[in-house]
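J.: predicted model and sequence follow; I will ask about them next.
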There are 2 protein chains.
Amino acid sequence: MLRPVTLDLSASAADLTAQLVDIESVSGAEQRLADAIEVALRDLGPLQVERYGNVVLARTELGRLQRVVLAGHIDTVPVAGNLPSRISGGLLFGCGASDMKSGVAVQLKLAAEVAAPVMDVTYVFYDCEEVESKRNGLLRLARNNPASLAADFAVLLEPTGGVVEGGCQGTLRAEVGARGERAHSARAWMGRNAIHEAAGILDVLRGYHPRQPDVDGLTYSEGLNAVGIRGGVAGNVIPDECVVTVNYRFAPDRSADQAADHVREVFGGFDVAITDAVGGARPGLGNPAAASFAAAMGGTPRAKLGWTDVARFDSLGVPAVNYGPGDPTLAHARGEHVALTAVDDCAARMRAWLVG
Amino acid sequence: MLRPVTLDLSASAADLTAQLVDIESVSGAEQRLADAIEVALRDLGPLQVERYGNVVLARTELGRLQRVVLAGHIDTVPVAGNLPSRISGGLLFGCGASDMKSGVAVQLKLAAEVAAPVMDVTYVFYDCEEVESKRNGLLRLARNNPASLAADFAVLLEPTGGVVEGGCQGTLRAEVGARGERAHSARAWMGRNAIHEAAGILDVLRGYHPRQPDVDGLTYSEGLNAVGIRGGVAGNVIPDECVVTVNYRFAPDRSADQAADHVREVFGGFDVAITDAVGGARPGLGNPAAASFAAAMGGTPRAKLGWTDVARFDSLGVPAVNYGPGDPTLAHARGEHVALTAVDDCAARMRAWLVG
């Protein structure tokens, strides 16, 4: 067992990001980081801290007229040789630096420093955002304890490059399968090679033209991609099955059901099994709370392309936007990094907003 | 642990095949079957029995002028829902029925029934033939104890449909890789999808025209096939690597090195790593011992398409042919089966040859 680690919340938001990145927390293995966050928040004193599995909640109870949720996930995609973190030219490199330990650092800094916010605040730190949605910690909380997420407005600190991003795209995963017939590979003509047949699936993917629809004034960019492929029985057997896992990212003018129909149609002739589908959220910037937050942060709002839990808040009836210091174009890349000044800037803007 | 099983060598060769098929022995898990064979052979009395790992040897020591090796592998490819065995319309169905437990049954029947062969006989039962060659039990024996395989002639009881098959094709495995660049799958255009790139590898395979060369009067049929494919990092990541495992079966007019050069050339532009390559054997029917065996068995010899350990005997200087009751076109197929009469016929012909 790894020994417990402690977080120093008196460090700058940028330094705190490095501390968080260096506590590896690939989806499913967040306990050590969740423990560290829980202990650090309890040590602050005034916050009411709750723990559900690897979800940590901390709330002010100041009797304010309004309550805001500041939420972030603490897990990352698998490490790609990019830990421990390193700093170079004002940039912090490392798994999760952008998506989204820099956002989590901002949450923790606000929790530590803003003792008397103009709105009550519920800080939410949750697990398993980077994997299939049924494991998502925020989903679990929304189902088992929805009252804990009650609020007038929510900000999700996913990477947005310091720009308010409205709505989000939906995401769907499907297994698209090609079938064949087994035979000894010395007599391939006696069987039918399912991996060779799967070339037809890849041809569909290579020839696919993704949509770029305008939804409520923001432009979304769809995508249909293979994210996995598997096939093979043994080194001397013509395989009878090959399965391509595809991921369809779809704009919020399409429901999860419509997206599934589209994928089935695109891969007509192959076996298609939808394994995971969640709809997106239309941009909610017409909502007064969202509009005032956007005005306070500055800049021109844009469309959120990655699926985020704004869709979950949306379905709970809580208006929500994405806003965080990370760079969304670097998330999940080996060279993932975040600008140290961007983390401190984001913390400063949100502190000013909360202090009022 | 599974309890030991016993073999009844007084049963017919056909019945004995069913006994053998019902003792599951996928490559790497042959111990239970090797134990049963060793015990049955020791119980016979006159044979000198040796055991090396899961290889079992039994030899007559009658002081004959000539010695013949009768060899067979006791492992099978992975079970494909085709165990236990079943009999229908004179056919025995089950994993290994054709490749090559029917041949092993013939070996055991001859060991049990031919007490005074005209040549001394070395019966060899070995493991791990259906996997990468470095694990092959006969290769291990040839390296560690080559004297145990010394002989004037060898018959490998691989499935040939009761026809003498000369030589064998070589087999080569290579990993052919496509590379890409990781990115978040909501922004696929920031990366490059290695699985989509791998379509180029499959295109090469689909467009490949295999040779059918004539070698020493027999016609061989080559083949180049995918036998495995893998790729993918996580359900929301554009993958940066996809690897196709290909199997090239090549005629014995091409060496293993020439085959490797050919595969590298065919997949020019992709990463190619040769993981396993063994040359075949030219048809050895000009050899007097082989020619006289072929004449005794009858029929017209033909080319062996699958790689077999005749190539290993060839490299030890022992002329060898393939001859067995199984059907080579059914090996490794789900519906693998053998004709019961073919097993008994093969046993009878070889018994007559050994009795002289």
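T.: Perfect, thanks for sending it.

J.: only C-alpha atoms from now on, for both contacts and neighbour counts.
T.: Noted.

J.: can you name the residues of the stretch 51-200 of chain A that neighbour chain B?
T.: Within the stretch 51-200 of chain A, the positions adjacent to chain B are A:77-78, A:130-132, A:173, A:182-188, A:190, A:193, A:195-196, A:199 by C-alpha under 8 Å from any C-alpha of the partner chain.

J.: which residues touch stretch A:70-82?
T.: Stretch A:70-82 has contacts (C-alpha atoms under 8 Å, 6 or more residues apart in numbering or on different chains) with A:25-30, A:33-34, A:93-96, A:99-101, A:103-104, A:107, A:121-130, A:154-158, A:332, A:334-335, B:233-234.

J.: mind redoing it with 7 Å?
T.: Stretch A:70-82 has contacts (C-alpha atoms under 7 Å, 6 or more residues apart in numbering or on different chains) with A:25-27, A:30, A:94-96, A:100-101, A:103-104, A:107, A:122-130, A:154-158, A:332, A:334.

J.: for stretch A:328-347, same thing?
T.: Contacting residues not belonging to stretch A:328-347 are listed as A:13-14, A:77, A:80, A:82, A:90-95, A:97-99, A:102, A:106, A:159-162, A:324-327, B:182-184, B:237 [C-alpha under 7 Å, 6+ apart].

J.: just the ones in helices from the residues you listed, please.
T.: Counting by DSSP state H, the contacts of stretch A:328-347 place A:13-14, A:102, A:106 in helices.

J.: can you tell me which of the residues you listed is closest to B:Leu149?
T.: A:Ser102 (67.6 Å; C-alpha to C-alpha).

J.: contacting residues around the closest one?
T.: Residues near A:Ser102 by C-alpha under 7 Å, 6+ apart: A:17, A:325-326, A:343.

J.: with A:Arg135 instead?
T.: When contacts are counted by C-alpha under 7 Å, 6+ apart, A:Arg135 touches A:Cys128.

J.: so which residues of chain A form helices?
T.: A:13-21, A:31-44, A:102-113, A:137-144, A:194-197, A:199-207, A:256-266, A:288-297, A:310-315, A:340-355.

J.: which residues of the stretch 201-350 of chain A lie near chain B?
T.: Contacts of the stretch 201-350 of chain A with chain B, taken as C-alpha under 7 Å from any C-alpha of the partner chain, map to A:202-203, A:206, A:223, A:226-232, A:234-239, A:249, A:305-306, A:331-334.

J.: which of these count as buried?
T.: Among these, those classed as buried by 16 or more other C-alpha atoms under 10 Å in any protein chain shown are A:202, A:206, A:223, A:226-232, A:234-239, A:249, A:305-306, A:331-334.

J.: among the residues you listed, name the ones in strands.
T.: Counting by DSSP state E, these place A:223, A:226-232, A:237-238, A:249 in strands.

J.: tell me the two of those residues that are most distant?
T.: A:Val237 and A:Arg249 (35.5 Å).

J.: so what pLDDT did A:His209 get?
T.: A:His209 carries a pLDDT value of 97.

J.: next, count neighbours for it.
T.: 11 (other C-alpha atoms under 10 Å in any protein chain shown).

J.: distance check, it against A:Arg230.
T.: Look at A:His209 and A:Arg230: by C-alpha to C-alpha, to the nearest Å, they are 24 Å apart.

J.: ok, A:Gly162 next?
T.: Plainly put, A:Gly162 is 39 Å away from A:Arg230 if you go by C-alpha to C-alpha.

J.: for chain A, what are the low-confidence residue spans?
T.: A:1-2 (pLDDT under 70).

J.: quick revisit: now restrict the contacts of stretch A:328-347 to buried residues only.
T.: Buried by 16+ other C-alpha under 10 Å: A:13-14, A:77, A:82, A:91-95, A:97-99, A:102, A:106, A:159-162, A:324-327, B:182-184, B:237, out of those.

J.: who are the neighbours in contact with the most far-flung residue of chain A relative to its centre?
T.: Within chain A, A:Arg187 marks the point farthest from the mean C-alpha position, 47.5 Å out by C-alpha atoms, centre = their mean. Contact analysis of A:Arg187 by C-alpha under 7 Å, 6+ apart lists B:Thr329.

J.: then A:Leu20?
T.: Taking C-alpha under 7 Å, 6+ apart, we find A:Leu20 in contact with A:Lys101.

J.: ok, now how distant is it from A:Thr275?
T.: Counting by C-alpha to C-alpha, the separation of A:Leu20 from A:Thr275 is 32 Å.

J.: with A:Arg206 instead?
T.: 22 Å.

J.: do the same with A:Glu175
T.: In this view, A:Glu175 and A:Thr275 are 7 Å apart by C-alpha to C-alpha.

J.: the two: who's more crowded?
T.: Using other C-alpha under 10 Å, the more surrounded residue of A:Glu175 and A:Thr275 is A:Glu175, with 21 against 12.

J.: so who does the nearest residue to the more buried one once chain neighbours are set aside touch?
T.: The shortest distance from A:Glu175 to any residue other than its chain neighbours is 4.5 Å, reached at A:Thr245 (C-alpha to C-alpha, 6 or more residues apart in numbering or on different chains). Counting by C-alpha under 7 Å, 6+ apart, A:Thr245 makes contact with A:173-176, A:226-229.

J.: partners of A:Thr245 in the sheet?
T.: A:Glu175, A:Gly228 (DSSP bridges).

J.: again, but for A:Phe153
T.: A:Val68.

J.: A:Gly268 - how many residues pack around it?
T.: A:Gly268 has 12 nearby residues by other C-alpha under 10 Å.

J.: that one and chain B: what is the separation?
T.: Look at A:Gly268 and chain B: by C-alpha to the nearest C-alpha, to the nearest Å, they are 19 Å apart.

J.: so how far is chain B from A:Arg192?
T.: For A:Arg192, the distance to chain B equals 10 Å [C-alpha to the nearest C-alpha].

J.: which residue does the stretch 1-150 of chain A have closest to chain B?
T.: Relative to chain B, the nearest point of the stretch 1-150 of chain A is A:Val131 (6.9 Å; C-alpha to the nearest C-alpha).

J.: can you give me phi and psi for that residue?
T.: In terms of degrees, to the nearest 10, the main-chain angles of A:Val131 are phi -130, psi -170.

J.: and for it, the neighbour number?
T.: Neighbour count of A:Val131, defined by other C-alpha under 10 Å: 18.

J.: contacting residues around it?
T.: Going by C-alpha under 7 Å, 6+ apart, the list of residues near A:Val131 reads A:27, B:235.
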